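*Asks:* this one's structure only:
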């Protein structure tokens with residue numbers, strides 16, 4: 001049974017790394033910049049050169065979701081590797097104490 005726990009932890013680490021890589025890619029591709037030349041009308045410059053930066057909300061939201069999924073996968077990996085205490089039911093911190 002111990003091998004299965006380590007296998008689940010290994011898969012969770014790989015999944016976390018994939019989510020982190022995907023989050024970085026989404027974050028880097030969410031910002032685009034376009035450079036425009038000066039605007040001239042009849043040999044007269046009306047507006048100077050400028051650059052326009054746009055942000056893709058869908059990609060930023062996707063990157064955020066990937067980071068959250070990577071955190072969950074990391075939590076799963078850590079909880080599978082750490083040894084459990086004897087008598088621990090795995091209910092968590094919010095469970096009421098058991099009567100003795």
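*Replies:* Nice, I can see it. Keep in mind that this is a model prediction, so the values were computed, not measured.
*Asks:* residue 23 belongs to a helix?
*Replies:* Yes: the assignment for residue 23 is a helix, going by DSSP: H, G, I helix; E, B strand; the rest coil.
*Asks:* which element, helix or strand, includes the nearest residue to it once chain neighbours are set aside?
*Replies:* Nearest residue to residue 23 in three dimensions, chain neighbours excluded: residue 66, at 3.7 Å (Cβ to Cβ, 6 or more residues apart in numbering). (C-beta placed from N, C-alpha, C; glycine too.) Per DSSP states H and E, residue 66 falls inside helix 57-81.
*Asks:* mind listing what's buried along that helix?
*Replies:* 59, 62, 63, 66, 67, 69, 70, 73, 74, 76, 77, 80 (16 or more other Cβ atoms under 10 Å).
*Asks:* redo these as CSV? Include pLDDT.
*Replies:* As requested, the buried residues of helix 57-81 are exported to CSV (pLDDT from 0 to 100):
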residue, pLDDT
59, 97
62, 97
63, 97
66, 98
67, 97
69, 97
70, 97
73, 95
74, 95
76, 91
77, 91
80, 87
